[in-house]
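Colleague: Quick one, fold the following:
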Amino acid sequence: MSTSVPLIVRLLASSVSVAGRAGKIVRDVMSKGELGIVEKGKNDYQTEADRSAQRCIIASLSSQYPKLNIIGEEDSPSVEGEIPSDWIVVETDSDVLKLECPSNLLGVKEENVVVWVDPLDGTAEYTQGFLEHVTVLIGISVNEKPVAGVIHQPYFKTMNGEEKRMGRTIWGLQGAGVGGFTPAPPPTSLIITTTRSHSNPIVEKALQVMNASQILRVGGAGYKVLQLLEGVASIYVFASPGCKKWDTCAPEAILTATGGKLTDVVGNGYKYGADEPRPNKTGVLAAVNEDLHNYALSRIPQELKDKLANKL
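Modeller: Sure thing, here's the model as predicted:
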(Lines give C-alpha, C1' and ligand atoms only; values in the text may rest on other atoms or scores of the structure.)
Protein backbone atom coordinates (compact mmCIF):
# COMPACT_ATOMS: atom_id res chain seq x y z
CA MET A 1 0.00 0.00 0.00
CA SER A 2 1.47 3.31 -1.06
CA THR A 3 2.39 5.58 1.85
CA SER A 4 1.87 8.53 -0.51
CA VAL A 5 -1.86 8.05 0.12
CA PRO A 6 -2.88 10.14 3.15
CA LEU A 7 -3.21 8.23 6.41
CA ILE A 8 -6.96 8.70 6.87
CA VAL A 9 -7.70 7.33 3.40
CA ARG A 10 -5.36 4.37 3.93
CA LEU A 11 -6.88 3.66 7.35
CA LEU A 12 -10.41 3.76 5.96
CA ALA A 13 -9.39 1.45 3.10
CA SER A 14 -7.88 -0.99 5.62
CA SER A 15 -10.95 -0.77 7.86
CA VAL A 16 -13.27 -1.66 4.97
CA SER A 17 -11.27 -4.84 4.31
CA VAL A 18 -10.91 -5.88 7.94
CA ALA A 19 -14.62 -5.27 8.67
CA GLY A 20 -15.47 -7.77 5.96
CA ARG A 21 -13.16 -10.35 7.52
CA ALA A 22 -14.68 -9.73 10.96
CA GLY A 23 -18.09 -10.26 9.41
CA LYS A 24 -17.00 -13.68 8.16
CA ILE A 25 -15.96 -14.57 11.71
CA VAL A 26 -19.43 -13.54 12.92
CA ARG A 27 -21.05 -15.82 10.33
CA ASP A 28 -18.66 -18.69 11.06
CA VAL A 29 -19.43 -18.66 14.79
CA MET A 30 -23.17 -18.69 14.08
CA SER A 31 -22.87 -21.54 11.58
CA LYS A 32 -20.98 -23.66 14.13
CA GLY A 33 -23.80 -23.15 16.62
CA GLU A 34 -21.57 -22.60 19.67
CA LEU A 35 -22.16 -18.92 20.49
CA GLY A 36 -20.30 -18.91 23.82
CA ILE A 37 -22.68 -16.39 25.41
CA VAL A 38 -21.50 -14.45 28.47
CA GLU A 39 -23.77 -12.02 30.35
CA LYS A 40 -21.77 -8.82 31.02
CA GLY A 41 -24.69 -7.06 32.74
CA LYS A 42 -28.46 -6.73 32.62
CA ASN A 43 -29.55 -7.20 28.98
CA ASP A 44 -25.88 -6.94 27.96
CA TYR A 45 -24.37 -10.01 26.34
CA GLN A 46 -21.12 -11.03 24.69
CA THR A 47 -20.58 -13.98 22.39
CA GLU A 48 -17.59 -15.76 20.90
CA ALA A 49 -18.30 -13.77 17.73
CA ASP A 50 -17.89 -10.47 19.62
CA ARG A 51 -14.60 -11.57 21.12
CA SER A 52 -13.09 -13.11 18.00
CA ALA A 53 -14.18 -10.34 15.63
CA GLN A 54 -12.64 -7.73 17.92
CA ARG A 55 -9.36 -9.65 18.11
CA CYS A 56 -9.30 -9.77 14.30
CA ILE A 57 -9.94 -6.03 13.94
CA ILE A 58 -7.50 -4.87 16.60
CA ALA A 59 -4.72 -7.22 15.50
CA SER A 60 -5.12 -6.29 11.83
CA LEU A 61 -5.20 -2.52 12.32
CA SER A 62 -2.46 -2.54 14.99
CA SER A 63 -0.12 -4.48 12.71
CA GLN A 64 -0.36 -1.76 10.05
CA TYR A 65 -0.84 1.31 12.24
CA PRO A 66 0.99 0.64 15.52
CA LYS A 67 0.50 4.14 16.96
CA LEU A 68 -3.28 4.16 16.64
CA ASN A 69 -5.40 4.39 19.77
CA ILE A 70 -7.99 1.64 19.26
CA ILE A 71 -10.91 1.35 21.68
CA GLY A 72 -13.11 -1.73 21.41
CA GLU A 73 -16.36 -2.63 23.14
CA GLU A 74 -15.22 -5.92 24.57
CA ASP A 75 -13.01 -5.93 27.65
CA SER A 76 -9.50 -5.70 26.25
CA PRO A 77 -9.24 -9.04 24.51
CA SER A 78 -5.54 -9.68 24.20
CA VAL A 79 -4.07 -9.44 20.74
CA GLU A 80 -1.02 -11.25 22.03
CA GLY A 81 -0.58 -14.97 21.73
CA GLU A 82 -1.75 -17.00 18.81
CA ILE A 83 -4.23 -15.46 16.41
CA PRO A 84 -5.15 -17.42 13.27
CA SER A 85 -3.07 -16.07 10.41
CA ASP A 86 -6.12 -15.60 8.22
CA TRP A 87 -7.55 -13.19 10.81
CA ILE A 88 -4.72 -10.73 10.12
CA VAL A 89 -5.93 -8.60 7.22
CA VAL A 90 -3.39 -6.49 5.34
CA GLU A 91 -5.44 -5.88 2.20
CA THR A 92 -7.01 -2.50 1.48
CA ASP A 93 -10.07 -1.52 -0.50
CA SER A 94 -8.94 -0.23 -3.90
CA ASP A 95 -11.96 2.05 -4.39
CA VAL A 96 -11.39 3.83 -1.08
CA LEU A 97 -7.71 4.32 -1.89
CA LYS A 98 -8.75 6.42 -4.90
CA LEU A 99 -10.55 8.97 -2.71
CA GLU A 100 -9.27 12.52 -2.56
CA CYS A 101 -8.49 13.27 1.06
CA PRO A 102 -10.10 16.45 2.43
CA SER A 103 -7.49 19.15 2.98
CA ASN A 104 -8.17 19.37 6.72
CA LEU A 105 -7.20 15.70 7.14
CA LEU A 106 -4.07 15.62 4.99
CA GLY A 107 -1.58 16.06 7.81
CA VAL A 108 -3.17 13.72 10.34
CA LYS A 109 -0.75 11.35 12.09
CA GLU A 110 -1.54 7.98 13.68
CA GLU A 111 -1.19 9.32 17.22
CA ASN A 112 -3.92 11.91 16.47
CA VAL A 113 -6.46 9.21 15.59
CA VAL A 114 -8.85 7.26 17.82
CA VAL A 115 -10.58 4.23 16.30
CA TRP A 116 -13.81 3.08 17.96
CA VAL A 117 -14.69 -0.57 17.34
CA ASP A 118 -17.93 -2.43 17.94
CA PRO A 119 -17.13 -5.90 16.60
CA LEU A 120 -20.77 -7.01 16.76
CA ASP A 121 -23.40 -4.31 17.18
CA GLY A 122 -26.72 -5.97 18.00
CA THR A 123 -25.52 -8.90 20.08
CA ALA A 124 -28.99 -9.53 21.54
CA GLU A 125 -30.40 -9.68 18.03
CA TYR A 126 -27.58 -12.01 16.97
CA THR A 127 -28.48 -14.48 19.72
CA GLN A 128 -32.21 -14.20 18.96
CA GLY A 129 -31.97 -14.71 15.20
CA PHE A 130 -32.59 -11.14 14.00
CA LEU A 131 -29.43 -11.42 11.94
CA GLU A 132 -30.02 -8.58 9.50
CA HIS A 133 -29.85 -6.14 12.44
CA VAL A 134 -26.24 -7.17 13.17
CA THR A 135 -23.39 -4.90 12.07
CA VAL A 136 -19.62 -4.56 12.50
CA LEU A 137 -18.69 -0.94 13.22
CA ILE A 138 -15.31 0.79 12.83
CA GLY A 139 -15.33 4.53 13.46
CA ILE A 140 -12.37 6.86 12.92
CA SER A 141 -12.14 10.11 14.89
CA VAL A 142 -9.69 13.01 14.73
CA ASN A 143 -9.62 15.85 17.26
CA GLU A 144 -12.59 14.25 19.04
CA LYS A 145 -14.79 14.31 15.91
CA PRO A 146 -15.85 11.32 13.79
CA VAL A 147 -14.44 11.78 10.29
CA ALA A 148 -14.78 8.34 8.70
CA GLY A 149 -16.56 5.08 9.33
CA VAL A 150 -17.41 1.60 8.18
CA ILE A 151 -20.65 -0.34 8.70
CA HIS A 152 -20.50 -3.98 7.63
CA GLN A 153 -23.63 -6.15 7.56
CA PRO A 154 -22.59 -9.81 7.77
CA TYR A 155 -26.15 -10.79 6.85
CA PHE A 156 -27.69 -8.72 4.08
CA LYS A 157 -30.61 -9.30 1.75
CA THR A 158 -31.35 -7.14 -1.26
CA MET A 159 -34.77 -5.59 -1.85
CA ASN A 160 -35.55 -8.68 -3.94
CA GLY A 161 -34.77 -10.96 -1.02
CA GLU A 162 -31.48 -12.16 -2.47
CA GLU A 163 -29.03 -13.00 0.30
CA LYS A 164 -25.47 -11.73 -0.20
CA ARG A 165 -23.15 -14.50 0.92
CA MET A 166 -20.39 -12.13 2.02
CA GLY A 167 -22.72 -9.50 3.42
CA ARG A 168 -22.13 -5.89 2.44
CA THR A 169 -19.91 -3.03 3.57
CA ILE A 170 -20.71 0.67 3.43
CA TRP A 171 -18.32 3.47 4.27
CA GLY A 172 -18.06 7.22 4.44
CA LEU A 173 -15.40 9.92 4.67
CA GLN A 174 -16.56 13.41 5.53
CA GLY A 175 -15.71 15.79 2.73
CA ALA A 176 -15.03 12.96 0.26
CA GLY A 177 -18.18 10.88 -0.02
CA VAL A 178 -19.69 7.47 0.72
CA GLY A 179 -19.60 4.05 -0.89
CA GLY A 180 -21.16 0.60 -0.83
CA PHE A 181 -24.71 1.93 -1.09
CA THR A 182 -26.78 4.65 -2.72
CA PRO A 183 -28.23 7.18 -0.24
CA ALA A 184 -32.01 7.46 -0.57
CA PRO A 185 -34.36 10.33 0.26
CA PRO A 186 -36.45 10.04 3.44
CA PRO A 187 -39.91 8.47 3.28
CA THR A 188 -42.81 10.81 2.45
CA SER A 189 -44.33 10.27 5.92
CA LEU A 190 -42.51 10.61 9.22
CA ILE A 191 -41.09 7.23 10.22
CA ILE A 192 -39.07 6.84 13.42
CA THR A 193 -36.56 4.09 14.15
CA THR A 194 -35.78 3.18 17.76
CA THR A 195 -34.68 0.40 20.10
CA ARG A 196 -36.43 -2.96 20.22
CA SER A 197 -34.86 -4.20 23.46
CA HIS A 198 -33.92 -1.24 25.69
CA SER A 199 -37.11 0.76 26.10
CA ASN A 200 -38.34 2.63 29.20
CA PRO A 201 -40.96 5.34 29.97
CA ILE A 202 -38.66 8.20 28.93
CA VAL A 203 -37.85 6.49 25.62
CA GLU A 204 -41.57 5.97 24.96
CA LYS A 205 -42.45 9.59 25.84
CA ALA A 206 -39.84 10.88 23.38
CA LEU A 207 -41.41 8.71 20.68
CA GLN A 208 -44.99 9.77 21.41
CA VAL A 209 -44.30 13.49 20.95
CA MET A 210 -42.91 12.99 17.42
CA ASN A 211 -46.34 12.38 15.84
CA ALA A 212 -44.80 9.75 13.58
CA SER A 213 -46.87 7.75 11.13
CA GLN A 214 -44.86 4.64 12.02
CA ILE A 215 -42.32 3.53 14.63
CA LEU A 216 -39.80 0.83 13.70
CA ARG A 217 -38.26 -1.07 16.62
CA VAL A 218 -35.00 -2.67 15.57
CA GLY A 219 -31.68 -3.66 17.09
CA GLY A 220 -28.28 -1.98 16.89
CA ALA A 221 -27.29 1.64 16.35
CA GLY A 222 -25.58 0.69 13.09
CA TYR A 223 -28.75 -0.86 11.68
CA LYS A 224 -30.89 2.11 12.76
CA VAL A 225 -28.60 4.54 10.93
CA LEU A 226 -28.67 2.24 7.89
CA GLN A 227 -32.44 2.72 7.88
CA LEU A 228 -31.91 6.48 7.72
CA LEU A 229 -29.33 6.21 4.95
CA GLU A 230 -31.53 4.00 2.81
CA GLY A 231 -34.76 5.99 3.13
CA VAL A 232 -36.57 3.47 5.35
CA ALA A 233 -36.86 5.92 8.27
CA SER A 234 -36.53 9.67 8.77
CA ILE A 235 -35.40 10.04 12.39
CA TYR A 236 -33.65 7.86 14.98
CA VAL A 237 -34.73 8.56 18.56
CA PHE A 238 -33.28 6.91 21.66
CA ALA A 239 -33.83 8.93 24.84
CA SER A 240 -31.75 6.72 27.11
CA PRO A 241 -28.10 6.37 28.18
CA GLY A 242 -27.80 2.85 26.70
CA CYS A 243 -25.59 3.66 23.67
CA LYS A 244 -21.80 3.89 23.77
CA LYS A 245 -19.20 5.75 21.69
CA TRP A 246 -18.34 2.62 19.68
CA ASP A 247 -22.03 2.34 18.72
CA THR A 248 -22.26 5.82 17.20
CA CYS A 249 -18.81 6.89 15.94
CA ALA A 250 -18.91 5.05 12.59
CA PRO A 251 -22.64 5.62 11.94
CA GLU A 252 -22.33 9.33 12.76
CA ALA A 253 -19.37 9.74 10.40
CA ILE A 254 -21.22 8.12 7.49
CA LEU A 255 -24.53 9.87 8.21
CA THR A 256 -22.82 13.26 8.37
CA ALA A 257 -21.04 12.56 5.09
CA THR A 258 -24.48 12.27 3.46
CA GLY A 259 -25.83 15.50 5.00
CA GLY A 260 -27.43 13.94 8.06
CA LYS A 261 -26.91 14.81 11.70
CA LEU A 262 -26.44 12.89 14.97
CA THR A 263 -26.39 14.41 18.46
CA ASP A 264 -27.71 13.63 21.92
CA VAL A 265 -31.40 14.33 22.64
CA VAL A 266 -30.49 17.75 24.06
CA GLY A 267 -28.87 18.72 20.76
CA ASN A 268 -25.22 18.51 21.79
CA GLY A 269 -22.64 16.63 19.74
CA TYR A 270 -20.66 13.80 21.26
CA LYS A 271 -16.86 13.92 21.53
CA TYR A 272 -14.82 10.89 20.52
CA GLY A 273 -11.45 11.57 22.13
CA ALA A 274 -9.67 8.69 23.85
CA ASP A 275 -10.32 10.11 27.32
CA GLU A 276 -14.05 10.70 26.82
CA PRO A 277 -16.50 8.60 28.88
CA ARG A 278 -17.68 5.58 26.91
CA PRO A 279 -21.46 5.92 27.49
CA ASN A 280 -23.59 8.32 25.44
CA LYS A 281 -25.40 9.30 28.61
CA THR A 282 -27.89 11.71 27.07
CA GLY A 283 -29.23 9.43 24.37
CA VAL A 284 -29.15 9.63 20.59
CA LEU A 285 -31.09 11.80 18.15
CA ALA A 286 -30.27 11.41 14.46
CA ALA A 287 -31.94 12.43 11.23
CA VAL A 288 -31.33 12.30 7.51
CA ASN A 289 -30.98 16.09 7.29
CA GLU A 290 -30.72 19.15 9.51
CA ASP A 291 -34.35 20.20 9.06
CA LEU A 292 -35.68 16.87 10.32
CA HIS A 293 -33.15 16.91 13.15
CA ASN A 294 -34.33 20.38 14.17
CA TYR A 295 -37.94 19.20 14.04
CA ALA A 296 -37.22 16.22 16.29
CA LEU A 297 -35.24 18.35 18.72
CA SER A 298 -38.08 20.87 18.96
CA ARG A 299 -40.64 18.15 19.71
CA ILE A 300 -38.85 16.72 22.75
CA PRO A 301 -40.16 18.50 25.88
CA GLN A 302 -37.60 20.40 27.95
CA GLU A 303 -38.74 18.45 31.00
CA LEU A 304 -37.75 15.20 29.29
CA LYS A 305 -34.38 16.63 28.22
CA ASP A 306 -33.76 17.77 31.80
CA LYS A 307 -34.65 14.34 33.19
CA LEU A 308 -32.16 12.66 30.93
CA ALA A 309 -29.45 15.27 31.55
CA ASN A 310 -29.94 14.91 35.31
CA LYS A 311 -29.01 11.24 35.06
CA LEU A 312 -25.43 12.28 34.41
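Colleague: separation between Val29 and Arg165?
Modeller: 16 Å (C-beta to C-beta, to the nearest Å). Glycine gets a C-beta too; all of them are placed from N, C-alpha and C.
Colleague: Name the residue in those two with the higher neighbour count.
Modeller: The neighbour comparison of Val29 against Arg165 (other C-beta atoms under 10 Å) goes to Val29, with 21 against 9.
Colleague: so that one is in which element?
Modeller: helix 7-32 (DSSP states H and E).
Colleague: Quick check: buried residues in that helix?
Modeller: Neighbour counts over helix 7-32 (16 or more other C-beta atoms under 10 Å) mark 7-27, 29-30 as buried.
Colleague: repeat for stretch 253-269
Modeller: Applying 16+ other C-beta under 10 Å to stretch 253-269 flags 253-258, 260-267 as buried.
Colleague: okay, how far is it across stretch 295-305, tip to tip?
Modeller: Using C-alpha to C-alpha, to the nearest Å, one end of stretch 295-305 lies 15 Å from the other.
Colleague: chain center to that stretch, what's the gap?
Modeller: Centroid displacement of stretch 295-305 relative to its chain, using C-alpha atoms, centre = their mean, to the nearest Å, is 24 Å.
Colleague: Touching it from outside, list them.
Modeller: Residues from elsewhere that reach stretch 295-305 (C-beta atoms under 8 Å, 6 or more residues apart in numbering): 202, 205-206, 209-211, 235, 237, 239, 263, 265-267, 285, 287.
Colleague: repeat that for 10 Å
Modeller: 190, 192, 202-203, 205-206, 208-212, 234-237, 239, 261, 263-267, 282-283, 285-287, 289, 307-308 (C-beta atoms under 10 Å, 6 or more residues apart in numbering).
Colleague: Please state the offset of the helix or strand hosting Thr127 from the chain centre?
Modeller: Using DSSP H and E, Thr127 sits within helix 123-128. Between the centre of helix 123-128 and the centre of its host chain there is 16 Å, according to C-alpha atoms, centre = their mean.
Colleague: what helices or strands is it leaning on?
Modeller: helix 7-32, strand 44-46, helix 48-64 (3 or more C-beta pairs under 10 Å, 6 or more residues apart in numbering; DSSP states H and E).
Colleague: Just the contacts of stretch 295-305: which are in helices?
Modeller: Ile202, Val203, Lys205, Ala206, Gln208, Lys307, Leu308 (DSSP state H).
Colleague: Only whichever of those are buried, select them in ChimeraX.
Modeller: Burial among the ones in helices among the contacts of stretch 295-305 is assessed by 16+ other C-beta under 10 Å; the matching ChimeraX selection reads:
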select :202,203,206,308
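Colleague: returning to what we had before: following the helix holding Thr127, which helix or strand comes up?
Modeller: Beyond helix 123-128 toward the C-terminal end (DSSP H and E), the next one is strand 135-142.
Colleague: Check which helices and strands that following strand sits against.
Modeller: helix 7-32, helix 48-64, strand 69-72, strand 113-121, strand 145-153, strand 168-173, helix 221-229, helix 245-257.
Colleague: run the last query once more with 7 Å
Modeller: helix 7-32, strand 113-121, strand 145-153, helix 221-229, helix 245-257 (3 or more C-beta pairs under 7 Å, 6 or more residues apart in numbering; DSSP states H and E).
Colleague: Name every strand pairing with it and say which way it goes.
Modeller: Sheet pairing for strand 135-142, assigned by DSSP bridges, gives strand 113-121 (antiparallel), strand 145-153 (antiparallel).
Colleague: which residues make contact with the last one from outside it?
Modeller: For strand 145-153, the external contacting residues (C-beta atoms under 7 Å, 6 or more residues apart in numbering) are 8, 12, 15-16, 19-20, 22-23, 105, 135-141, 167-174, 222, 226, 249-254, 272.
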